[in-house]
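Undergrad: predicted structure and sequence below. I'll ask about it afterward.
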Amino acid sequence: MKKDFLCLTDWSTAELDAIFTLSAELKQQQKQGVAHPLLAGKTLGMIFEKSSTRTRISFEVGMYQLGGHALFLSSGTTQIGRGEPIKDTARVMSRYVDGIMIRTFSQQGVEELAQYADIPVINALTDSYHPCQIMADLFTVLEHKGSYADKSYCWVGDGNNMAHSWINAAAVFGFELRVATPVGYEVDSQIKRRAEEMGAKIIYTNDPLFAAAGADVLNTDVWASMGQEEEQAKRVQDFAGFQLNSEVVAAANDDCLVLHCLPAHRGEEISDEVIEGQHSVVFDEAENRLHVQKAIMATLMRKA
Ligand code: CP
Ligand code: NVA
């Protein structure tokens, strides 16, 4: 039966660990110039209903490096943007390609796409989650620290798709997470409840310094996500004090890592000093999107 990559909680720790192991192998092979055509002759259809730099490039380059091919399908130039039903798009694409990557607004829409597609579907960001990013983030921690499950993590900022995927990761992997959001921008209550039911060790607060105290990994993201552009001015006011800056870094462990999925707005959610500073691994993190997503695609599409 085909498997999809829609949400981290759909996967076991053993399965996700296997993806990290394969990511490391593929990264080493790519660095050494050793061919690894695990998806020779296969095609990935990439549906984008939102903008992207890293996701588009890393998936497309990743398919090429795996011996396959990727198609960029924007909503503006396909029938998707003109209202063709998701369930029809799913069944049509299943006749042409071997896997679908989608970046869109609604998580439910992605789930419907996966339900009607005979081929694996990968969530490349919805309003709810960004699971591929979290996998790259944890792989980056693994590379820099030698392990990730025994580390403590801190989120400072919006209760958005990235925060939700961190919550899912804390539930699946069992690590400690503190989430600091401004009042009124807390995480989704259902996602929070499900993580609690899974036994997740998460503390929610409105105090960034409390959240950062003793953390091994600090993480933030833009104050206004894609689709929230009209709220930008209000959010700049409401998020005052929620910047990942030197004061927050000083509250964390001395050898902490700073992550940011990028794109970053320097001077808003993160200071220039911190993103350019010695704790920041944001470009390793961006690179790892490539290696980890290759492992995800190979895992899903090799046998499909
Ligand atoms: N982090 C991330 O997903 O970047 P893009 O929006 O550029 O794809
Ligand atoms: N929260 C951001 C992440 C971008 C990669 C957004 O959804 O726009």
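TA: Now that the structure is in, tell me what you want to look at. Numbers count the residues shown, from 1 in each chain. Ligands and ions are numbered 1, 2, ... in the order given.
Undergrad: I'd assumed residue 47 was in contact with residue 71.
TA: No - Residue 71 is not in contact with residue 47 according to Cβ atoms under 8 Å; the separation is 9.3 Å. Heads up, the C-betas are built off the backbone N, CA and C, glycines and all.
Undergrad: who has more neighbours out of the two?
TA: residue 47 (23 against 16; other Cβ atoms under 10 Å).
Undergrad: how about that one, what does it touch?
TA: Residues near residue 47 by Cβ atoms under 8 Å, 6 or more residues apart in numbering: 73, 74, 75, 78, 80, 89, 100, 101, 102, 103, 104.
Undergrad: and the strand or helix carrying it, how far out from the chain's middle?
TA: In the assignment (DSSP states H and E), residue 47 maps to strand 43-48. Relative to its parent chain, strand 43-48 has a centroid offset of 17 Å by Cα atoms, centre = their mean, to the nearest Å.
Undergrad: same question for stretch 6-19.
TA: Relative to the chain's own centre, stretch 6-19 is displaced by 13 Å; criterion: Cα atoms, centre = their mean.
Undergrad: quick check: buried residues in that stretch?
TA: Within stretch 6-19, the residues scored as buried using 16 or more other Cβ atoms under 10 Å are 6, 7, 8, 9, 11, 16, 19.
Undergrad: next: stretch 40-57.
TA: 42-50, 52, 54-56.
Undergrad: would you turn these into a markdown table with distance to ligand 2 and pLDDT?
TA: Listed next are these as a markdown table, based on distance: Cβ to the nearest ligand atom, whole Å; pLDDT from 0 to 100:
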| residue | distance to ligand 2 | pLDDT |
| --- | --- | --- |
| 42 | 26 | 98 |
| 43 | 25 | 98 |
| 44 | 19 | 98 |
| 45 | 20 | 98 |
| 46 | 15 | 98 |
| 47 | 16 | 98 |
| 48 | 12 | 98 |
| 49 | 12 | 97 |
| 50 | 7 | 97 |
| 52 | 8 | 98 |
| 54 | 7 | 98 |
| 55 | 7 | 98 |
| 56 | 11 | 98 |
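Undergrad: and ligand 1, which of these reach it?
TA: With Cβ under 6 Å from any ligand atom as the criterion, the buried residues of stretch 40-57 include 52, 54, 55 near ligand 1.
Undergrad: now, which of those sits nearest residue 250?
TA: Taking Cβ to Cβ as the measure, residue 250 lies nearest residue 54 of those, at 29.1 Å.
Undergrad: checking my notes, residue 278 in a helix, right?
TA: No - using DSSP: H, G, I helix; E, B strand; the rest coil, the assignment for residue 278 is coil, not a helix.
Undergrad: re the thing from before, if we look at ligand 1, which of the contacts of residue 47 are close to it?
TA: Answer for the contacts of residue 47 near ligand 1: none qualify (Cβ under 6 Å from any ligand atom).
Undergrad: give me the buried subset of these.
TA: Looking at the contacts of residue 47 with 16+ other Cβ under 10 Å, the buried ones turn out to be 73, 80, 89, 100, 101, 102, 103, 104.
Undergrad: residues touching the third one, list them.
TA: Translated: residue 89. 47, 79, 80, 113.
Undergrad: quick one: the third one is in a helix?
TA: Yes - assessed with three-state DSSP, residue 80 lies in a helix.
Undergrad: so where do the helices sit in the chain?
TA: 13-32, 54-65, 86-96, 107-116, 131-145, 161-173, 189-197, 208-212, 232-238, 246-251, 272-275, 282-301 (DSSP state H).
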